[in-house]
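[1] here is a sequence together with a model predicted from it:
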Amino acid sequence: MLTHYELSSSAFADLIEVQRSSISHLLNGRNKPSLEFIMKINDAFAEVDIQWLLYGIGSFPKLNEKEPTKTYNKSKQTTLPPSEKNIDRIVIFYNDGTFKTYLEK
């Protein structure tokens, strides 16, 4: 990724908002990336396929394929019987510590 985007390790660290030493440790093989680290890369680079980051599956950068259209079955709406409970009052609390009560007339 650093080569593809022509970024230094410091610039990459700043871009994904991690410590520069984290990148150094990863590049030197001292540490493995955490899920939080992977998610920061995913957030910063939308064109990077998360499957490629996690498993090496897919392509880098992500191919511009259309996502399949999701379809939903519209089920018959059912109506619930009216509730036996009635509203007695409504109280609204404001962030300045005050409140207002509405009573049924």
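    Yep, it's here.
[2] which residues of this protein score low on pLDDT?
    Residue ranges of the chain with pLDDT under 70: 64-80, 83.
[3] mind listing the strands for it?
    Here the chain has its strands, by DSSP state E, at 89-93, 99-103.
[4] can you redo the ones you listed as a markdown table with mean neighbour count?
    For the C-beta atoms, the positions are set from N, CA and C on the backbone; glycine is no exception. Listed next are these as a markdown table, based on neighbours: other C-beta atoms under 10 Å:
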| stretch | mean neighbour count |
| --- | --- |
| strand 89-93 | 9 |
| strand 99-103 | 9 |
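[5] so which of those strands gets nearest L54?
    In terms of C-beta to C-beta, the element of the strands of the chain nearest to L54 is strand 89-93, at 44.8 Å.
[6] who does that closest one pair up with?
    Sheet pairing of strand 89-93 (DSSP bridges) gives strand 99-103 (antiparallel).
[7] tell me how far the partner strand lies from the chain's centre.
    The chain centre lies 38 Å from the centre of strand 99-103; the measure is C-alpha atoms, centre = their mean, to the nearest Å.
[8] still on that earlier bit, any chance of JSON lines for the strands of the chain, columns distance to P82?
    Listed next are those as JSON lines, based on distance: least, C-beta to C-beta, whole Å:
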{"stretch": "strand 89-93", "distance to P82": "19"}
{"stretch": "strand 99-103", "distance to P82": "21"}
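[9] what about the helices in the protein?
    Ranges of helices within the chain are 9-16, 20-27, 35-44, 50-55, based on DSSP state H.
[10] buried residues in the second one?
    This means helix 20-27. S22, I23, L26 (16 or more other C-beta atoms under 10 Å).
[11] the most centrally placed residue in the chain: what's its closest spatial neighbour, skipping adjacent residues?
    Against the mean C-alpha coordinate of the chain, by C-alpha atoms, centre = their mean, the closest residue is D43 at 7.7 Å. Excluding its sequence neighbours, the residue lying closest to D43 (C-beta to C-beta, 6 or more residues apart in numbering) is I16, at 7.7 Å.
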